[in-house]
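A.B. asks: Kindly return the folded structure for what I paste below:
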Amino acid sequence: MAESGDEPDDSRPPFELCGSFDDASPGDQTSRVDEGLPMPLVPRRFRSDGADILWLRSAWLSPPCAVVGVGSADGGVGRSAITAAVGGVLALACPDPVIAIDATGRTWGGLGLRVSTATPRSVWDAVDNADSLIDRQSIERIVQQGPTGLHALAAEEATEGGGGRRAPMLHETYALVERIRPVYSIALLDLPQVEVRGIWSPLAGCEIPVLVSRATRESVQHTLRLLTQLRRVSSALVDQVILTLVAGRPHHPREVRLAEQQATDAVRSVITVPWDPVLARPEPIDVRRLGASARRAVVNLAAEIVTRCASVPGVTGAQGNARMARTSALRLEQTRGLGNVEPRR
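C.D. replies: Numbers count the residues shown, from 1 in each chain. Next up is the predicted model:
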């Protein structure tokens, strides 16, 4: 987490900490009190993870939501797991709901397995019924809900005959995001595996870009090569990237340290998530059950994301302008489609 995110903002009023509570149940979130000032409640098992700043800053978040794009240069690096894990932490910390959306275009696995399998609804249902999504109640009839209250729209599963159902195109997903932004404080998009051609398009449509890589030399090198290609199109976007390294196996600290060194030499913001069995299993992720090291890393990633949200006091003018530019790119993509967007110089 960036050091600047640890410093209190002089312009904000003081917060009154309300202590902590044990195991937050689904939907337990921070609350707003007199005169609109937030009073954050930090779950007990997060107290040692340096989560106070995350909860304090999250209390400032409000709709319309910031859009976080979670992409990767390689498949199988844990992108959906990281999306669900950081979304689960943000759902606890944010006063308003947080949503994660599968934007991969896949018809199998992915985000749905890491959040909940309780409903057959999918992102297609939301796209197909976008005109009826007018408030939180109408949206909640479609979304899945994770163990800590994270809302999610899973991928559309392949069905025989189809019945007109399909995986939405990215520009359709972006149009959906614009529709539901007034309800959510943060939206996380689980993006498709990026390629050299068009890598900038999905990330440019998001205000906060996150790239996930395995914590190995080969995977980091591949990610850095893609960032080099992306820098030719938009160096400002690359400077905003949060690179998240995920350890794919336990008991390989030297491998992880070398990968981390590679990444920190080239990218401003690097978060390393150690191996954890909760992240490794293809089932819904409850961040409260993560080991201490992995939980702390996910909290740091969430704090890095929140620190970059434009509605949080302390975001610089340059950062705010970058957010607005990428929001404009999102709206452009939804109206013209990905294939017609010209690179920004």
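A.B. asks: Just give the nearest non-adjacent residue to Ala266, would you?
C.D. replies: Using CB to CB, 6 or more residues apart in numbering and skipping residues adjacent in sequence, the residue nearest Ala266 is Leu224, 5.3 Å away. Placement of C-beta: from N, CA and C, glycine included.
A.B. asks: and that neighbour, what does it touch?
C.D. replies: The neighbourhood of Leu224, defined by CB atoms under 8 Å, 6 or more residues apart in numbering, consists of 262-263, 266-267.
A.B. asks: Sticking with it, tell me its helix or strand.
C.D. replies: Assigning secondary structure by DSSP states H and E places Leu224 in helix 217-231.
A.B. asks: Which is the succeeding secondary structure element to that helix?
C.D. replies: helix 235-240.
A.B. asks: ok, and for that next one, which residues are buried?
C.D. replies: Neighbour counts over helix 235-240 (16 or more other CB atoms under 10 Å) mark 237-238, 240 as buried.
A.B. asks: a markdown table for the residues you listed, including distance to Trp55?
C.D. replies: A markdown table is the format used below for the buried residues of helix 235-240 (distance: CB to CB, whole Å):
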| residue | distance to Trp55 |
| --- | --- |
| Leu237 | 29 |
| Val238 | 30 |
| Gln240 | 23 |
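A.B. asks: Figure out how far the helix holding Leu224 is from the centre of its chain.
C.D. replies: Computed by CA atoms, centre = their mean, to the nearest Å, the chain-centroid distance of helix 217-231 equals 20 Å.
A.B. asks: ok, now stretch 242-261?
C.D. replies: Stretch 242-261 sits 20 Å away from the centroid of its parent chain (CA atoms, centre = their mean).
A.B. asks: Show me the contact partners of that stretch.
C.D. replies: So stretch 242-261 is contacted by 77-78, 81-82, 208-217, 219-220, 223, 263, 267, 269-275, 279, 301, 304-305 (CB under 8 Å, 6+ apart).
A.B. asks: Ok, stretch 277-293 next?
C.D. replies: So stretch 277-293 is in contact with 23-24, 43, 45, 48-49, 78, 81-82, 84-85, 88-89, 92, 109, 113-117, 146-148, 246, 273-274, 276, 294-295, 298, going by CB under 8 Å, 6+ apart.
A.B. asks: Just to be sure, which of these are found in helices?
C.D. replies: 81-82, 84-85, 88-89, 92, 113-115, 294-295, 298 (DSSP state H).
A.B. asks: Quick check: closest non-adjacent residue to Pro63.
C.D. replies: Pro182 (4.9 Å).
A.B. asks: now Arg45
C.D. replies: Counting by CB to CB, 6+ apart, the residue nearest Arg45 is Arg288, at 6.0 Å.
A.B. asks: So what's the residue count around that neighbour?
C.D. replies: Arg288: 19 surrounding residues under other CB atoms under 10 Å.
A.B. asks: For it, give me the pLDDT.
C.D. replies: We have a pLDDT of 94 for Arg288.
A.B. asks: before we move on, back to that, ok, the residue nearest to Pro63 to Val127 distance?
C.D. replies: 17 Å (CB to CB, to the nearest Å).
A.B. asks: For those two, indicate the residue with more neighbours.
C.D. replies: Just comparing Pro182 and Val127: by other CB under 10 Å the higher neighbour count belongs to Val127, 21 against 14.
A.B. asks: Surely that one is in contact with Pro168?
C.D. replies: Yes: between Val127 and Pro168 there is a contact under CB atoms under 8 Å: 4.5 Å.
A.B. asks: Please enumerate the helices of this protein.
C.D. replies: Going by DSSP H, the chain shows helices at 52-58, 79-93, 111-115, 123-128, 136-140, 170-180, 200-204, 217-231, 235-240, 253-264, 277-280, 292-307, 317-336.
A.B. asks: would you put the C-alpha positions of the third one in CSV?
C.D. replies: Spelled out, it's helix 111-115. Only the C-alpha atoms of helix 111-115 are listed here, as CSV (Å, rounded to 0.1, in the frame of the first residue of the first chain):
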residue,chain,number,x,y,z
LEU,A,111,-16.1,-15.7,-10.8
GLY,A,112,-19.3,-17.6,-10.0
LEU,A,113,-17.4,-20.5,-8.4
ARG,A,114,-15.5,-18.0,-6.1
VAL,A,115,-18.5,-16.1,-4.9
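A.B. asks: picking up where we left off before, will you turn the buried residues of helix 235-240 into CSV that also has distance to Arg254 and pLDDT?
C.D. replies: Below are the buried residues of helix 235-240 laid out as CSV (distance: CB to CB, whole Å; pLDDT from 0 to 100):
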residue, distance to Arg254, pLDDT
Leu237, 32, 81
Val238, 28, 84
Gln240, 30, 89
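A.B. asks: Quickly name whichever of those is closest to Leu54.
C.D. replies: When the buried residues of helix 235-240 are compared for distance to Leu54 (CB to CB), Gln240 comes out closest, at 19.0 Å.
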